[in-house]
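> What follows is a predicted protein model with its sequence.
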Amino acid sequence: MRNALLLATLFLATAAHAGDALDLPPSPSELSTKRLDFKGGAPSIPVRLMEGSTEVTLVGRGRLRFRLPGTPERLIEGPPGMAWKVKRVAGSPAAIVARIQIAEIPFNDKLGLAQAQEEWSARGLKLRSQILGGVYGIAGKVIDNRRYVLVVDQPPAPPDSLAAQQAEILKSFQVRTSLLEDVKAKGTIKLELVDGNGNTTASVDGHLTAEAPDGAPIEVKRVEFGVGYDFHNFEDRAFRGSVLLTADRAGKIAVVNQVDLEDLLKGLVPSEIFARAHPEALKAQAVTARGEVLAKIGLKHLGDPYLLCTEQHCAVYKGVSGEAPTTNAAVEATRGEASFDAKDRLVDSVYSAVCGGHTENNEIVWGGVPNASLRGRPDVLPGKPTPASPRDLNKFLTTDAQHACKVSTFTQQSKYRWEKRFTAKDVDDKLASFAVGKVMAMNVTERGVSGRARLLQISGEEGATTLRGELTIRRTFGMLNSAMFELRAEKDAKGRPTAWIFTGGGWGHGVGMCQTGAIGRAEAGQTYRQILDHYFNGAQVARIY
């Protein structure tokens, strides 16, 4: 039970077959002792279903058993269909402190780490580095998601107290920051368990766990989803595995699904790709999603009692309620498989919806050193002629070609090629925080191999600035479909801009697998291994459990 509560900032997994586990520097937090255990096959992952609750209703589709902490451990069991309530009686928030995170550097980029520290020091901001993630061996392969994060070198402080400093960094350096959190003291909670007849059957401090002895799904009523989005809502959802109810950072109820990785994928993959897509594309998605989950463990939600959430921030996961027979079959057919490079290291199997006809190099989008598995390349179907190069982006965007993401049955032409128009006032308002005044000129001064913008120079009546990074550029203009765009101004008779037109291609960052392109390739006869070989530059699929 204790292992379910001690979650990771750094983790070290047990080697399941061949390969040795490697030691890591100690984490600043007691939450660092979580391990991924492959000894029984797929590891179990704690995933947040919701939090901030004062009452949660659970219904077992089979028998439902509750494990209550204590010596000896207590068990309470009820029949199928009974609605149990878990109520918060009292609780106190966790003590969380944070540092401002400026940048993230790949673990193998020691030169980049030193350069970044020197550059920021010259700008008047002293930074310190910290290692996140871990490394372990399994079945002769290596899974290594370590990375450096650079944080402002100052004592940690309550997260809310850092907002003004973050705003000042954005204004002064045009860099959006995040917070690297650490838990000094966990939240506390007292819970009551009430059966379907309204009887309080137990009162516990800390946590309790619901499980299904016969393996039937557990239904959680009114699961909150889409927090912060326009589709925010509640719905009843059912989940495999067990459900942990414990204190969240506010001292209220966090509902955490402790779920086998393969079962997690069954509830996740249908949210990432069309469940009606070609089976080989679904298999490719299952393999990439498995690798992405493994690559994320220990890097997110460092101050929370879980490793992953069920939102866009991590991966959309709906449990049994989101499963589909076709994607379940794809997960089962690829059980335990992930992509590995020539050095037997896990590929960072990232993906985006529509590459627009050409994928992008990882360093253009996220900085750092080039990753041999994430090289941008034309996404043309086998045997078809290669069209114009994105070096002439206007011609590339207007030339007809047999790109895999264009000819797929599931292609959205409005995502493959698109146009976005802003009035001059719209642009001036979006760039107001950069204090350049009325914008007079905007020019892309550096692009990646796919034509995606890396640097956007902006000149105004009162100053100039440069937007750096694909995501920064997209966010500044209201989350453009992608950074693969040509930019032109409409002007009045005096030569002053009246509107700005972005003409572009693709939807998403464009690195790694193009999901719509994978469908197009599968429909053209490629297997999932051939699809992954193309998008990840020769990566080989291997089974690790």
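Received, thanks. Just so we're clear, the structure is a prediction, and the values are computed from it rather than from any experiment. Residues are numbered from 1 along each chain as shown.
> CA atoms for contacts and neighbours, from now on please.
OK.
> what ranges do the helices span in the protein?
Per DSSP state H, the chain carries helices over the ranges 2-5, 110-122, 163-173, 261-272, 279-296, 325-333, 362-366, 393-398, 404-407, 413-416, 424-430, 470-476, 515-523, 528-535.
> Please produce JSON lines containing those, extended by mean pLDDT, mean neighbour count and distance to residue 438.
Formatted as JSON lines, the helices of the chain follow (pLDDT from 0 to 100; neighbours: other CA atoms under 10 Å; distance: least, CA to CA, whole Å):
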{"stretch": "helix 2-5", "mean pLDDT": "33", "mean neighbour count": "13", "distance to residue 438": "53"}
{"stretch": "helix 110-122", "mean pLDDT": "91", "mean neighbour count": "14", "distance to residue 438": "29"}
{"stretch": "helix 163-173", "mean pLDDT": "90", "mean neighbour count": "14", "distance to residue 438": "17"}
{"stretch": "helix 261-272", "mean pLDDT": "95", "mean neighbour count": "24", "distance to residue 438": "40"}
{"stretch": "helix 279-296", "mean pLDDT": "95", "mean neighbour count": "24", "distance to residue 438": "41"}
{"stretch": "helix 325-333", "mean pLDDT": "98", "mean neighbour count": "19", "distance to residue 438": "50"}
{"stretch": "helix 362-366", "mean pLDDT": "92", "mean neighbour count": "21", "distance to residue 438": "28"}
{"stretch": "helix 393-398", "mean pLDDT": "94", "mean neighbour count": "18", "distance to residue 438": "27"}
{"stretch": "helix 404-407", "mean pLDDT": "95", "mean neighbour count": "27", "distance to residue 438": "38"}
{"stretch": "helix 413-416", "mean pLDDT": "94", "mean neighbour count": "18", "distance to residue 438": "30"}
{"stretch": "helix 424-430", "mean pLDDT": "95", "mean neighbour count": "16", "distance to residue 438": "6"}
{"stretch": "helix 470-476", "mean pLDDT": "92", "mean neighbour count": "18", "distance to residue 438": "16"}
{"stretch": "helix 515-523", "mean pLDDT": "97", "mean neighbour count": "28", "distance to residue 438": "39"}
{"stretch": "helix 528-535", "mean pLDDT": "98", "mean neighbour count": "22", "distance to residue 438": "42"}
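> Got the domain ranges for this structure?
As given by automatic domain parsing, the domain ranges for the chain are 41-94+187-333, 336-512.
> measure the longest one end to end?
With CA to CA, to the nearest Å as the measure, the ends of domain 41-94+187-333 fall 15 Å from one another.
> Which of the helices of the chain sits closest to residue 305?
helix 2-5 (6.4 Å; CA to CA).
> so how far is stretch 511-528 off the chain centroid?
In terms of CA atoms, centre = their mean, to the nearest Å, the centre of stretch 511-528 is found 21 Å from the chain centre.
> Show residues contacting that stretch.
Stretch 511-528 is contacted by residues 273, 277-281, 283-285, 349-355, 359-362, 365, 374-376, 379, 381, 403-411, 531-532, 535-536 when judged by CA atoms under 8 Å, 6 or more residues apart in numbering.
> Output it as PDB, nothing but the C-alphas.
In PDB, the C-alpha atoms belonging to stretch 511-528 read as follows (Å, rounded to 0.1, in the frame of the first residue of the first chain):
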ATOM      1  CA  VAL A 511       8.000  15.700 -35.100                       C
ATOM      2  CA  GLY A 512       7.900  11.900 -35.100                       C
ATOM      3  CA  MET A 513       4.900  10.000 -36.400                       C
ATOM      4  CA  CYS A 514       2.300  11.700 -38.400                       C
ATOM      5  CA  GLN A 515      -0.900  10.000 -37.200                       C
ATOM      6  CA  THR A 516      -3.000  10.800 -40.300                       C
ATOM      7  CA  GLY A 517       0.000   9.900 -42.400                       C
ATOM      8  CA  ALA A 518       0.300   6.500 -40.600                       C
ATOM      9  CA  ILE A 519      -3.300   5.800 -41.600                       C
ATOM     10  CA  GLY A 520      -2.500   6.700 -45.200                       C
ATOM     11  CA  ARG A 521       0.600   4.500 -45.200                       C
ATOM     12  CA  ALA A 522      -1.400   1.600 -43.700                       C
ATOM     13  CA  GLU A 523      -4.100   2.000 -46.400                       C
ATOM     14  CA  ALA A 524      -1.300   1.900 -49.000                       C
ATOM     15  CA  GLY A 525      -0.200  -1.500 -47.700                       C
ATOM     16  CA  GLN A 526       2.500  -0.800 -45.100                       C
ATOM     17  CA  THR A 527       2.700  -2.700 -41.900                       C
ATOM     18  CA  TYR A 528       2.900  -1.000 -38.500                       C
END
